[in-house]
Structure formats: structure tokens, C-alpha cells
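Chemist: Predicted structure and sequence below. I'll ask about it afterward.
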Number of protein chains: 4
Amino acid sequence: MFLEEAAMKISQEIHVPKKFAYTFGPNHRPIATVQPGETVRIFCVDAAEDRITRASDLPSKRLNFPFLNPQTGPVVIEGAEKGDTLVVEIHEITPTRDWVWSALIPDFGGLTSTSQTATLNAPLPEKVWIYPLKDGFIHVNKRIKIPYQPFMGTMGTSPEIESISSLAPGNYGGNMDCADICPGNKILFPVRVSGAHFFTGDVHAAQGDGELCGVACELAGAVTVTFNLLKGRKMDWPRVVSPDAIMSIGSARPMEDAARIAWRDLVLWMEADFGFDRLEAYQLLSQVGVMRLGNMVDTLYSMVAKCPMRYLPKTKLPC
Amino acid sequence: MFLEEAAMKISQEIHVPKKFAYTFGPNHRPIATVQPGETVRIFCVDAAEDRITRASDLPSKRLNFPFLNPQTGPVVIEGAEKGDTLVVEIHEITPTRDWVWSALIPDFGGLTSTSQTATLNAPLPEKVWIYPLKDGFIHVNKRIKIPYQPFMGTMGTSPEIESISSLAPGNYGGNMDCADICPGNKILFPVRVSGAHFFTGDVHAAQGDGELCGVACELAGAVTVTFNLLKGRKMDWPRVVSPDAIMSIGSARPMEDAARIAWRDLVLWMEADFGFDRLEAYQLLSQVGVMRLGNMVDTLYSMVAKCPMRYLPKTKLPC
Amino acid sequence: MFLEEAAMKISQEIHVPKKFAYTFGPNHRPIATVQPGETVRIFCVDAAEDRITRASDLPSKRLNFPFLNPQTGPVVIEGAEKGDTLVVEIHEITPTRDWVWSALIPDFGGLTSTSQTATLNAPLPEKVWIYPLKDGFIHVNKRIKIPYQPFMGTMGTSPEIESISSLAPGNYGGNMDCADICPGNKILFPVRVSGAHFFTGDVHAAQGDGELCGVACELAGAVTVTFNLLKGRKMDWPRVVSPDAIMSIGSARPMEDAARIAWRDLVLWMEADFGFDRLEAYQLLSQVGVMRLGNMVDTLYSMVAKCPMRYLPKTKLPC
Amino acid sequence: MFLEEAAMKISQEIHVPKKFAYTFGPNHRPIATVQPGETVRIFCVDAAEDRITRASDLPSKRLNFPFLNPQTGPVVIEGAEKGDTLVVEIHEITPTRDWVWSALIPDFGGLTSTSQTATLNAPLPEKVWIYPLKDGFIHVNKRIKIPYQPFMGTMGTSPEIESISSLAPGNYGGNMDCADICPGNKILFPVRVSGAHFFTGDVHAAQGDGELCGVACELAGAVTVTFNLLKGRKMDWPRVVSPDAIMSIGSARPMEDAARIAWRDLVLWMEADFGFDRLEAYQLLSQVGVMRLGNMVDTLYSMVAKCPMRYLPKTKLPC
């Protein structure tokens, strides 16, 4: 299942660390250092630290709050400085096992009372599903199989002074649970500390928009990426360049605020790089813009605003 | 551009009324009556009652609040009773002119202060765009042309006792601005008054997700539909059956509440009609569900939750 | 318990109508006409149309959705025209019975899933409480008695073209459930139709901020008010003049939008009538403003922004 | 203006540190250690690190994002362990200067577009106000003076693994900007790390509900507090015991979620400590509960839910 290493010129394998990072922050000891231009393969455990392996492994018994969603990182990118942009080109996501899990976790999810949308209703039942992953599909049951469409639920750089739970998304990336953080795309993150301090984890074999129940098809695996730097290029929010679109990702609550952040960042990007007048970009997105729901279950919701590539001068792409 | 009438068996043309409906409500005098099974062509003016025809026709001068978004209707569907479902199969949307307009309207839109999200900031400039519509494209400028992908911004039945502005969406349909209200799809609306009292208007030649600036490519045109009834079948929110998916549409603020309504209705539909256990449907949508943003500018936001048809037993479709 | 009628110069008693209004709208047949300056006593049934009289009268059995929260009205105010302001001075609210009820209603309330904040959780139990009202207190049990502090949960004028459920608040008043709609205060409503078409109902003997479970101490009673007009004075949202403060009431979702509307309207009022620079008013309210939560359970939430009277030149009061 | 030290038995003065904490987190070097029962006076600079001293000191020039809202701390409380509750009794807040400032800061505040509620509108003008503080009043101008009613805008303990900007409130306290964090009240915080790691700062001489423009009457000063521990008593959110009420503070977005958190925590507190059935507490708060808006400008909004003391058995108070 692995790509030809020669072809990819993978220069390092970054293994699962002995001590995980449970926050995105500047104070973790780096586990590896890479040069701009390097291609590396990064191994990740799943969001439950590989502790859920069968239907009886209930999250309330197996998880150890707040030590959740373990990240592989930080990876230092040499030469990255505050005010730069880190470009992470994702080549492939390779499973390191042949099954995934999902679950209903009490007081967590999109169609239940939660710790943030607090009510007096009784919680939904706790439940774990284990699905085989084979032949490019997740096999839910005899009738239903879901295509393997992997992405990294969690990826980003360190905030400047904060250390934020890896359950949260934010303007540094984090737990965005956006399906566009996938092979074939370049993900741009703001650099806010020397070395950028890159983290990733939470491999998803598939996920619907919004990660509705709060848990995707949770996988352990390895992600192969090439790191690059855009020196002196400052961004406020994560962005994506795919073959088909440019994208800005906003994370906030309520959900309309996530959407506003994403749209506004996209308008400003179109103005700054692609030669649009600001209000003309706003007008064009009103007719052709695409908005995808990342997650509606995490501490902040994530929305991805997209401008199809066919409306853009491709020569102006930053990477 | 019109379909062969013989082929479509169009039995009536329902023309633009002398007196428009500016609300969805039970007290308007019906303008036409149809039988279940009938196919009709319904003509509509644009959302500005065809008053904006050039860049200098500023909305603040040409619009007459609250007489906005004029609807063709009500059309009475014979035999429809409270508790039934009205099925509206959309065959085609045909322009009755060769241009569209869009605009920035003060204190309205997704990236501006509004009357609902009120601030002290100065409003954005007011501005009107006129675009030719020809050869299947909206011609924004020499470089940019947008495919003609028409849908009805506004469509629905009457609430039971309320009369709600045609600027608003709700559980009866209304101004949802969802691009799935388009040719090829069957739209299901709750019937809450005798005769259903169907309205439609606000033809859109194209629109991005969310109708970001609040104004799509605004068109006048005719929509050809076939009406049918599902007797004794009660629904709470509008639903859609397309060739590819079943959909539930929720409208609310904040946006996550629109999403919750849509997802919940879809889960309950999968349980009631397609043989899913409720929590299994919730789980499946977490992995394969699609969420599309309809509008983020109207009095309520509209979100469309979808389950791809390939995960459903097609034999269970209600229509 | 009634005031001396001679002293109050009550010129009319407006009795409970045979046919209630369940919407705030322009199409109801008027039940009475008053002159500006007239003082009248208006009788109201309770929000359940007096159908809940004991603990076994469960709302799900006794209520008839959507025929809820019956209003006494419309009362026509002679000479009122669109663009005027109606001033309603509330003198007293007099019970017409010696008990109140409250309830938990399924899928309704501030700490439960609802039809708008939809989840899959099981609803809370349904429950009715009956409390005696005597000696100026609501007697919850032997230990707890709550002072009788009555106000009108629902009061307002007709929207121009819409007919909105009397369960909803809005920019015309309606079901705001704000405890400042009480004796001693003057309530200002925008006039949007000839005659203003005034409605009121939903007597509350007491209520906490937010009407948390969705149901206050529900009472039947009579409210004595004097109507006056401010001709040619246009307002966007309801306002209150109390002995201690001026207030603006905003209704919206999410709650911060209700707050923004109320604060903004208050800033603009301080600028227009009280001689403040707009940003100085914004600054002053940042230091002395008071915000009271009306309801957090209705279709829109209501918030009351207040500027204490001691910071205002009293000579500038509009009434 | 200082209390008699003998009377207060102040055992330590904790001075402004050389290096401030700009986050609430576990990794700062402690600046002092206290025993349970000790009374200390803690000195704080203002939210702008005392850099704004005149109207021309514009925040955009004088502030150094993200190094904002400097905290005095962490103070270690000996013997505090995860799962305990820290009780902070506030005796007095004493100014260390005779003036305060407030400001309009671009893209920050309650009635403006912000980085979280992002729009394309131009920002409001930047502006600084300096007000004398004397004779117990803040002197806005010749006509307007505001009573000195000081409180600590920011106070709390460390999260377990996160380090959160001191601009944010959360379930550990932080920048709640709630006027009930004032002399005469006991503030209860969850202990999540050994030693509790207490921080405080952001002295406010006065503030309206919501801190509307984002900036209160900003003061430098000293707060005198007594620390105590409730061993083995776990709480989820900050609570307050005042002479008149018990209170729970929720922080979240949208605002209704902050309110839900606060109400729910208060209901659970009434159930756990004061002998109420859960639904009876919910019902009682529906009739007598008080909700105060703390802030509507910070990264999360803060709401304070209160149950008046007269409805509670005082013997059950935890402190």
C-alpha cells in the first residue's frame, strides 16, 4: 500500500513518539527536525491512542480526559519564523491496520446535548462500532460499504503563546476535522513560533460533513508530506490549495461566525493574490462559492470556504 | 428553450398575478387551482419585481420594503388537507429574459453588519451588477462566465395560521435559497391548510453556497412542475428526493440549529421509511452525510442535510 | 384589589373576546376602539386559554397547537398611522383568579432539547405545578413563597403585512416575556398599520430572568393601561421608559444578536433624543449599561438594554 | 484607602511580577506560595500593562498582541490538589492610581465587526478616554460621574494541560469580566493542578453589563483576598457565594450556550447541596432566577446565573 519510497524521496520516517502532545503549543520538546523541501512519513496512533479495539471498549472506560487526541509532534521546520507560512503537501495516508472504529460518546456530538450546549436531558447511549477496512472500503455491514477517503482530522502549527487542547481547532489549524486536509492538497498554516512546531494526528478513513456524531472512521496510519516555507508571508487562518479550488478554513462558534471567518479570509486572499477588487470577490463568491462543513462537534466549528480554480488565474497561486 | 409541451403535458400556464403575495400565509386569494398529477408552468417576476434593470437602479431607491420578493401564488392543490405532503417535481426553469442582476444592499448580506447582527459600523457601499445570460452562461466579464444552474430561491406551502414574509424561510419552505430546489428534483412540503396554498418565486440563474452577499443571479422565468399528494403523510420540514440523495432542509438561527434540524429530520426519515435504527442512521450520516449551506443571509439560515442514495434501499422512496 | 375606577378614569373595559387572536397581524377584526389619552382595563385569559387547572392537565393533552397564547385584541387606537409610536402606560395588573400554574412542556424550555435546538435525546418529563396566589405571594410550598410581581408576557402592535404567532417576539413586541412590561412603566411600540392594532395577553404573576423552563407563573387577569400617541415618531424596536431607566428591547437568535439589537437601538436613542454623540453613548453604556434577559425559550430570545435615568437629562424624555 | 492591616491580618503582599503571565496555564514559574486560610494583598497592573496613560496612547500603537491582559501569578495554594475547590474571598480592591482609561479598539467590542464576527465593514474609529477617579466616583465629564464599584475582570486557576490566553474566560475562570467578582463575595474555582496556580488581574473600577465596547474603566490596583480550600470537592465551572445569592458562571459562544451552562450548573448545585429535586430547582429558577451578563466581547461570552439566597437553606452553604 505504500508508495515507492524512491519515487517519493522520503528522507525521514517520524515515528509515533513515546510521549504524545495533547495540546498545540510552543512548549513541547521537538521530536524531529526537517528541512524545507523534505518529504517525510509521519506515523500516528488513532484519536483514542489505539485503546479502543472492540465494541466493549467504551470511551468512558478507555479514555483519560483531558489526555485525548494524541498528536505526533512537534516537528521543527528549520528556518521557519513567525510571519512565514508553512506549506504541507499531503501525498498519501496509509493505514497501519485493517479496521476502524466509531462511537457514540456521552454528551458529545452534533445531535445531543453537550458540555457546551448543556441541558438536563439524559445522554444518548454509549456505543462503539468496529468496521473492517479492506479493498478500499469500510465495511459497515453486508449492505453498506463506504469508500476509503482518508484525511487528517488534526494538523497544524503551534500558537504563539497558548497551548490549546488537540480537541480544538483554531487559527493555527488543530482539530478541524475538514475532509480537505487530504492527499493531493497543499495545506498552508501560519507560522507563529520559530521552527513552526508542526503536529498531526487523528487519521480518518472516512467522514461525513460535520463529523455528525463526533467520531469519524477512526484509523491509525502514516501520512506522507512535503514541507515548504513561504518566507515573509503572513496568514491569519489555515488555507488549502487543491487541484480544483483555493480554500480558507474558519473555526468559531456560532457556526455562522466560522463561515464568516472563512469567507472573509477567502475574499481577502482573492484581493491580495489574484487581482480581484474586494467587493468584486465578495460578489463572485456569492455566485460560485462553495462552503463545506468540516465539524459541528468540536469546541469550535470549522467551515471551509472555496473558490473554484476555474475562476482564478492559476499563475497567481502561492504554491 | 421550452420543453416540448406535448411531451410535458402542461395543462395550465399560471401567469404572473396582478397582485403578488409578499407573505406565505393562508389568507391570500388563490390565483389558480390544480389537480394532483397535473403539470403546470408557473411564471415569476424576479425578487425585485423586475424593477432593477440597470446599474443605477439602486435597491434603496427601487425597492419598497416590506413589499419584497413577490410570489406567484397561492396555487390551490385540490384535495390537499392538513397532514398531507405535497410533492413538487421540478422539470425545468426557463428564463423569460436574457440577463440577470445582483447587488450589494446596505445592511444585508453575509459579510456585513445587518439589522439582525447589528453594529455601529458604516454599511458597505450599495452596488448593482447586470450580467448577460446567453449560451448557457452568466457572463460576469470577459474572463469569467458562470454556468446557468437555475433553481427557485423561494417555494413552499402556507403555514397554518401565520403569514410570514416571503423573505423568510421556515418549516413550510419559503425563501430557503437552497440550490437543490432545482430541475430534476422532487420537493416535499408539509400541507398545513386545505388546498396546500403553494407559492413560488425568486428565480436564481446561479448562486454560490450561502448566497453570500444576499443576492444571487436574479432572474425572471417560468418553472414547470408536476404536483402530487402523499395523503395522510405528515412531515415537519421540507424534504427533497433527487436522483442521488434524499435531503432534509432546516432553517433556523444560529446556523448550527439549522444544521441540527436538518440532520435530525433526516435521521428520523431514515428510521421511519428506510428501515434504519435511529442511532445507526445517526452513525451512518456521521460517515457519509453531506451538508450543504443554502443561505446565510435571510432571516433564518437554511442548511440541507443529505444521505447519498447509494446507502438507501431505493424501493423505499416515498415518491 | 382594583384601583379606584374614579381615580383612574377608566373609560372602557375590554373583555376577553369570543375569538382570540393567535397571531400578531393586521387581518383580525378589531374588538374595541380607543382614543389617544384613554385609560382602559383589558381582560386576558392565561397562556393556555385557562385550560390547565390542575396537575393532571398536561399541556400535551390540553393545548391545541398552533392555537396557543391567546391574545385580547386587536384594539384600534384612533388616529394611529404607520410611522407613529404608540405609548402604553401600564398602571396595574389585577388577577382574576387566586392561583397560577407552571409546567414542563416536552421539547420546550431553556435547559432541554427543543424543536429549534434539535437533538436525539429523550425529552424531559412533562409536569404541571399549581401554586396558590394570596397575600401578595405565590406559594410554591410551605418554605418558598415568591412575591407577586406581575407583568404582561405578551404585548405589541401589528406588523405591517405579516401575521406572526403570538408565541414569538419581534420588532413589534409580541411574546417578549420581559419583566419590564410591568405597572409603572411606559411601553413604546412602533405603529405599522392604521389604528396600530394593539394586542396583549400572557399575564405573568412572577418570572425569573429568561423564563427558564419556558413557563412562568401563568395567570389570568386584567391590565389597566393608558394609550397615547407620539405622532410622526418612527421607531424600529420596542422601548420602555421606567422611573429609573430608558430601555430598548431586542429579539433575535443567537442571544448575542438580541443583545446587539437592544444596545444599538439604545445608543441611537441616546444620540437622537438625549444629546449624546454616538460613540460617547456607546462608551457610557460600556460603563453603566444594564442588560436584562427577557426570555431564552421563545422562537426568538429577548434582551432588554437599559441606561439608568441618572445619566440622562430627564427633560428630553419622549413621554 | 487601605483597610487596617491588623484587622485584615494580611500576611503577604504579592507584588507585580517582573514577568507577567499572559496565559492561564500550568507551566509558569510560581511567584508566591500561600497557605489555606491566609489573607494576602495582590498588586496588579492594568489590562494594558499601564502603557496607556493619555488619549494619544492608542491601543494599536501601545499594545503588543498577543501579550495582553498581564496577570499577577501564578500563586501556589499549598495542599491544593486536582479535584479540590479553591475559595477566594475578596475583601477589597484598592486603586494604586487616581485615574482610569477606556478605549475603542479596532475590530473589538460588542457593537462592531470583530475578528470572530468577521465582516467587510470598515472598523470604528480608535479612541482612548482618560477619566479621573476621586471621591468614590469616575468623572466622565462635568455632568456624568459613575460610582466606583470595583471588581477583578480576570481571576482563576490553571487548566490541567492547556495554557489559555488571559483574554479568554473558561471553566477555570479567566477573563470573565463579571462584576460579581467583587469585594464581599467568595469566588469558587475548580483546582485542576497541584497548587491550584491562581492568577488575577484586569482591575475594573466600574463596568456596565457586557463590557459593551470591550473596555471597562481600566485601573491598576491591589486586591485583598483570603484563600481557602474545599478538599475533595470537585466543580466544573466557577461559582460565587455572595451575601444575597449563589451563582454559577458559564462562558461559551453563542451567548445562549453560556446561559445554559450557568443555569445547568446552578440547578445541579441546588440539587447536590441544597436539597432540591433537579426538576424542582429548574422550575424554581424559572420563577426567581436572575441572569446577569458578564461580557459579550471576549473570546467566549460569560453569563452569571443566580439563585437569591432567600430561597435557600443558608445552613447548606459550602463556605
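Modeler: Yep, it's here.

Chemist: unless I'm mixing things up, A:G174 is touching A:I164, no?
Modeler: Yes: using C-beta atoms under 8 Å, A:G174 is in contact with A:I164, at 6.5 Å. The way it works is simple: take the backbone N, C-alpha and C, and place the C-beta from them, glycine included.

Chemist: Now do the shared contacts for these two.
Modeler: Listed as contacting both A:G174 and A:I164 by C-beta atoms under 8 Å, 6 or more residues apart in numbering or on different chains are A:F24.

Chemist: neighbour-wise, which of the two wins?
Modeler: Neighbours around A:G174 and A:I164, counted as other C-beta atoms under 10 Å in any protein chain shown, are more numerous at A:G174. The numbers are 32 against 24.

Chemist: If the more buried one is in a bridge, with which residues?
Modeler: In this entry, A:G174 is beta-bridged to A:M155, A:P169, by DSSP bridges.

Chemist: which ones are touching it?
Modeler: Taking C-beta under 8 Å, 6+ apart as the test, what A:G174 contacts is A:F24, A:T154, A:M155, A:G156, A:I164, A:S166, A:A168, A:S251.

Chemist: what do you get for A:T23?
Modeler: Here A:T23 is in contact with A:S163, A:I164, A:S165, A:S166, D:I161, D:E162, D:S163 (C-beta under 8 Å, 6+ apart).

Chemist: If you tally nearby residues, what's the number for the third one?
Modeler: Spelled out, it's A:S165. A:S165: 23 neighbours (other C-beta under 10 Å).

Chemist: what bridges to it?
Modeler: A:T23.

Chemist: Does it touch D:S163 like I think?
Modeler: No: in terms of C-beta under 8 Å, A:S165 does not count as a neighbour of D:S163; the distance is 10.4 Å.

Chemist: Spell out which parts of the stretch 151-300 of chain A neighbour chain D.
Modeler: Residues of the stretch 151-300 of chain A lying close to chain D by C-beta under 8 Å from any C-beta of the partner chain are A:160-165, A:250, A:252-254, A:257, A:260-261, A:263-265, A:267, A:278-279, A:282.

Chemist: out of the contacts of A:G174, who's nearest chain C?
Modeler: Of all those, the one sitting nearest chain C is A:S251; the distance, using C-beta to the nearest C-beta, is 16.9 Å.

Chemist: Just confirm the closest one is within a strand.
Modeler: Yes: assessed with DSSP: H, G, I helix; E, B strand; the rest coil, A:S251 lies in a strand.

Chemist: Bridging across strands, which residues link to it?
Modeler: Beta-bridge partners of A:S251, as defined by DSSP bridges: A:S302.

Chemist: quick one: the helices in the stretch 1-150 of chain A?
Modeler: A:5-8, A:59-62 (DSSP state H, counting those that start in this stretch).

Chemist: Please name the residues that touch the residue of chain A most remote from its centre.
Modeler: Centroid-distance maximum for chain A: A:L120 at 32.3 Å, with C-alpha atoms, centre = their mean. A:L120 makes contacts with C:L111, C:T112, C:L124, D:R264, D:V267, D:R278, D:L279, D:Y282, as judged by C-beta under 8 Å, 6+ apart.

Chemist: What is the burial count for the residue of chain A found nearest chain C?
Modeler: With C-beta to the nearest C-beta as the measure, A:N121 is the residue of chain A nearest to chain C, at 3.8 Å. A count of neighbours around A:N121, defined by other C-beta under 10 Å, yields 19.

Chemist: cool, A:R310 as well?
Modeler: Around A:R310 there are 12 residues (other C-beta under 10 Å).

Chemist: Kindly report the same for A:F65.
Modeler: Neighbour number of A:F65 under other C-beta under 10 Å is 9.

Chemist: now the helices for the stretch 201-319 of chain A?
Modeler: Going by DSSP H, counting those that start in this stretch, the stretch 201-319 of chain A shows helices at A:255-274, A:278-288.
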